[in-house]
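**Q** Sequence isn't available, so here's the structure alone:
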């Protein structure tokens, strides 16, 4: 039985993971939502203007009323600057599983920040909520995303042919990884809930 608690504040050595607010729209739009290089492997195209980002954040703000919503703004602890998002968008309470998804602004790539954020979410998902299984998929060409999954200890489960439609509307192959609660080697000290 899962103990849904929604999107709680999580902290890591370099990051704070918190709920989005509409005030995050400019940072999100300018940081990653309108960057075609960042969004090329995602299911949505770059936001055409700030109003698209604002509207999305208003929807996300309402979604936090649901305790099964897990959607974090990733900000740098040192500066408070939002640099990406991560969450568990597809929750299946019956199977006690969820998918893990994430996106990070380009200037912050290759610093281990997404692995740090994702590890805090995995830890929270397994130990606070009680998920049995967490999984993630990445477009085959997005090798960096697969590397994050492997660093989390996720196991490769296979390739899904044309299982994903990218932001340009094209069907693409994905690779799937997963980890079970009993396999998670997290320390239990990676996050601090509010």
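**A** Nice, thanks for sending it over. From a predicted model like this one, the values you see are computed outputs, not experimental measurements. Numbers count the residues shown, from 1 in each chain.

**Q** Just checking, which helix or strand succeeds the helix or strand bottoming out on mean pLDDT in the chain along the chain?
**A** Scoring the helices and strands of the chain by mean pLDDT, DSSP states H and E places helix 36-39 at the bottom, with a mean of 88. Moving toward the C-terminus from helix 36-39, the next helix or strand (DSSP states H and E) is helix 50-63.

**Q** tell me the mean pLDDT for the helix or strand just after that following helix?
**A** Next along the chain after helix 50-63, taking DSSP H and E as the criterion, comes strand 71-76. Regarding strand 71-76, the rounded mean pLDDT is 98.

**Q** which non-adjacent residue is nearest the residue most central in space within the chain?
**A** Taking C-alpha atoms, centre = their mean, the centroid of the chain lies closest to residue 86, which sits 2.2 Å from it. Counting by C-beta to C-beta, 6 or more residues apart in numbering, residue 86 lies nearest to residue 102, which is 3.8 Å off, once chain neighbours are set aside. Quick note: C-beta positions are derived from backbone N, CA and C, even for glycine.

**Q** Sheet partners, orientation included, of the helix or strand where that neighbour lies?
**A** Per DSSP H and E, residue 102 falls inside strand 101-104. Paired neighbours of strand 101-104 in the sheet (DSSP bridges): strand 82-87 (antiparallel).

**Q** so after the strand it pairs with, what's the next helix or strand?
**A** strand 91-92.

**Q** strand partners of that following strand, parallel vs antiparallel please.
**A** With DSSP bridges as the test, strand 91-92 pairs up with strand 97-99 (antiparallel).

**Q** what's the average pLDDT for the strand holding residue 102?
**A** Mean predicted confidence for strand 101-104 is 96.
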